[in-house]
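**Q** when you get a sec, could you give me coordinates for this:
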Amino acid sequence: MALVASIHVDTGWILPEMLLKDVHGEAVGLRDQLGEKGLLVAFTCNHCPYAIAVWPRLIRHAATLKAMGINTIAVNPNIHPNYPADGVVAMAEKIAEWGIDFPYLADEDQAAASAFDAQCTPDLYLFDGEGKLYYHGRIDDYWKDENKVTSEELVPAAEMMAAGEAAPQPQHPTIGCSIKWLDK
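**A** As a prediction, this is how the structure comes out:
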């Protein structure tokens, strides 16, 4: 698993109108998931140790964001025959096992990951209520052990966004396993 960092994406970038499928095969529109104050799109998967370490925080923070009017979706770009642990069946198992209460969507053709310039799992994008990118950065300053976190970054950014404040700077890239591209 190659370690990579997310790349810079300019704030203000517009959330694309795309359809992805949930674990039941139902189409879900990304823009339809916008909450009153925004949407967190988290590219993630089941097998990457970086993603696994962050999942509990992501699930917990999603509840905090929801109370602010910000919805969350997770998108799995690793629907790849060489990675069955990231397949749709495994996603459904993780939804039940981890108690994921927001959409966990399959990016089967990796069109969403490509459109977002996503590079790794996890890779986080926070959009405001109009669908403009506000924050593209890490969840906090220590992916590996939540007990060693000294600086929360995602939730404070969401609080600033909900309050109508300017986006925080700097926005530190996430790190994680490279996306398992089908054609690369």
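**Q** compute the number of surrounding residues for residue 44.
**A** By the criterion of other Cβ atoms under 10 Å, residue 44 has 27 neighbours. (Each C-beta comes from the backbone N, C-alpha and C, glycine too.)
**Q** that one against residue 55, yeah?
**A** Yes: the pair residue 44 and residue 55 passes the contact test of Cβ atoms under 8 Å, sitting 7.1 Å apart.
**Q** mind listing what the residue lying closest to residue 148 once chain neighbours are set aside touches?
**A** Excluding the flanking residues, the one nearest residue 148 by Cβ to Cβ, 6 or more residues apart in numbering is residue 142, at 4.6 Å. Counting by Cβ atoms under 8 Å, 6 or more residues apart in numbering, residue 142 makes contact with 148, 149, 150.
**Q** so which strand or helix has residue 142?
**A** Using DSSP states H and E, residue 142 falls within no helix or strand.
**Q** what's in contact with stretch 19-35?
**A** The contact list for stretch 19-35 (Cβ under 8 Å, 6+ apart) reads 15-18, 39, 41, 65-66, 69-71, 73, 75, 88-89, 91-92, 95, 103-108, 112, 127, 129, 131.
**Q** surely residue 182 is in contact with residue 80?
**A** Yes: with contacts counted by Cβ under 8 Å, residue 182 reaches residue 80, the gap being 6.1 Å.
**Q** between those two, who's got more neighbours?
**A** Comparing residue 182 with residue 80 by other Cβ under 10 Å, the one with more neighbours is residue 80, at 17 against 14.
**Q** that one and residue 178 touch, don't they?
**A** No: Residue 80 is beyond contact range of residue 178, at 11.6 Å (criterion: Cβ under 8 Å).
**Q** starting at the chain centroid, how far to stretch 130-139?
**A** Centroid displacement of stretch 130-139 relative to its chain, using Cα atoms, centre = their mean, to the nearest Å, is 10 Å.
**Q** how about the one residue sitting closest to the centre of the chain, what does it touch?
**A** Nearest residue to the geometric centre of the chain (Cα atoms, centre = their mean): residue 42, 0.4 Å. Residues near residue 42 by Cβ under 8 Å, 6+ apart: 58, 72, 73, 74, 75, 122, 123, 124, 125.
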